[in-house]
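**Student:** I'd like to go over a predicted model; first the sequence, then the structure.
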Amino acid sequence: MAVQKDYYEVLGIPRNAKLTDVHRAYNRWVAEFKKETTPPDPRRESLLKEALEVLSDDDRRDAYDKELAAANRAATTKKALTPAGVAGGLVALAAVGGIAFFLTRPSGPPPQKARGTEEIRTAMQGAVSPLVSFDMSGKTTPMGLAFVIEDKVMVANCQALAPGAQLAVSTGTKQVPARVTQTDEALGLCKLLTDGYVGEPVAVNSTPPAVGAKVFGATLGAKGEIGFKEAAVTKVVDEGGGKAIESSMPTQPGGYGAPLLDAQGKVVAVATLKPDGTQLYRVVPAGWLAENRPKIEEARPYQGSGGGGTSARAESDTTPARAVARQAGAGGGGGEAEGEGEGCNTCDIYNSPDIKASRDKAWAEIEAMPPGPQRDKRAELQRSSDEDMKAYAKRAQKMIKTK
């Protein structure tokens, strides 16, 4: 279904605007209409109220964003094949001789047409979101950017992520929980599976553009806003068994995970970190995105140490503490790491086998890293993660029922 009104244009805000920005823009327009110098415009005022109602409601905004993205794709397709374009093509064909054209036309698919800058900007802003880690207090730590490649599947840079970190994707209006499903240490990239819709996917091109070609990069502002910058490829180099792109794009603090798009609006590289902490755009290898595709699994009810089911509220509880309780129950001998037969009232969840093994592995990886800013950052994040895990375990301890 075509979307007739662009509520973002109505309010004069970007598509990744936060809820506070939506209300601020609406209030600014209301104040404008209250001025004596502003002529009455009931239709405009009604449209502004309509935009506010849709964009300030999470569910309605998600549905609207999907319709808007579909309408934009349909408009792009329609624009590529119009009656005027067909007629013009037939006239040109007749002018040069139709038979000669068909006999001498080149084989293979036609070259892909470059997309407009604004079209690429819109696609990027609809696919890219800030990635954050969070703790039980609700405090968030910026972890760079992530972009959508399939519905609920994103790609991010995981070099600075501590194992077991609680993640969320910030859409501007809400934070959508996410979890790592695949990590490629050689590339420094990982795939994330989100718990809900966060944006429209972008296509990927594994062939690096030529030196001098125009590319477009996503930037991350100080307040978490997604920016857009045009640059040019300065060099294509071999890096760690793959290819990497150097460009005139300035290094963006906290911008790791940012995609680099070519003139067709396809992702050709992703910002990662070198051992010295500088930024490098790595080309995504062909076939990497299709490997180990995440699958959305049905939620399984938490089983207490007695093996019985829990209440509906407990089964639907997705808090970090409940996640720790589930992991301890599954990996710690059914929740009885200690005190066999006494439930988990006496067990030490923080040191249960699975959680301890994950923690030990993380520190072993950090110890194996070469000294430098990247290692220090990873160690700092891991220490913070360990402290958070202790807090989660303490809360989870109280949630687990005895037999």
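**Tutor:** Arrived safely, thanks for sending.
**Student:** is it true that residue 228 lies in a strand?
**Tutor:** Yes - Residue 228 forms part of a strand when assessed by DSSP: H, G, I helix; E, B strand; the rest coil.
**Student:** next one: the residue nearest to it when sequence neighbours are not counted from residue 157, what distance?
**Tutor:** Excluding the flanking residues, the one nearest residue 228 by CB to CB, 6 or more residues apart in numbering is residue 121, at 4.7 Å. Placement of C-beta: from N, CA and C, glycine included. As defined by CB to CB, to the nearest Å, residue 121 lies at a distance of 22 Å from residue 157.
**Student:** okay, the two: which has more neighbours?
**Tutor:** residue 157 (25 against 22; other CB atoms under 10 Å).
**Student:** a helix runs through residue 10, doesn't it?
**Tutor:** Yes - Residue 10 forms part of a helix when assessed by three-state DSSP.
**Student:** which residues touch it?
**Tutor:** Contact analysis of residue 10 by CB atoms under 8 Å, 6 or more residues apart in numbering lists 47, 48, 51.
**Student:** ok so residue 280 is a strand residue?
**Tutor:** Yes - per three-state DSSP, residue 280 lies within a strand segment.
**Student:** that one against residue 271, yeah?
**Tutor:** Yes - look at residue 280 against residue 271 with CB atoms under 8 Å: they come within range, at 7.3 Å.
**Student:** give me the more crowded residue out of the two.
**Tutor:** residue 271 (26 against 19).
**Student:** now the strands for this structure?
**Tutor:** With DSSP state E as the criterion, the chain has strands at 128-134, 140-150, 153-157, 167-170, 175-184, 189-194, 214-220, 226-239, 242-247, 259-261, 267-273, 279-283.
**Student:** residue 39: which of these is closest?
**Tutor:** Ranking those by their distance to residue 39 (criterion: CB to CB) puts strand 226-239 first, at 35.0 Å.
**Student:** what bridges to the nearest residue to residue 260 once chain neighbours are set aside?
**Tutor:** Sequence neighbours aside, residue 269 is the residue nearest to residue 260 in space, at 4.3 Å (criterion: CB to CB, 6+ apart). Residue 269 has the following beta-bridge partners by DSSP bridges: residue 260, residue 283.
**Student:** and residue 12, how far is that from residue 48?
**Tutor:** Counting by CB to CB - residue 12 and residue 48 are separated by 10 Å.
**Student:** which one's more surrounded, the two?
**Tutor:** Legend: neighbour count by other CB under 10 Å for residue 12 and residue 48, higher for residue 48 (20 against 11).
**Student:** which residues touch residue 227?
**Tutor:** Counting by CB under 8 Å, 6+ apart, the residues that residue 227 touches are 218, 219, 220, 221.
**Student:** ignore what I typed, I meant residue 216.
**Tutor:** Residue 216 sits in contact with 117, 120, 121, 124, 228, 229, 230, 231, 260, 261, 262, 265, where contact means CB under 8 Å, 6+ apart.
**Student:** the last one: how many residues sit nearby?
**Tutor:** Applying the criterion other CB under 10 Å, we find 23 residues in the vicinity of residue 265.
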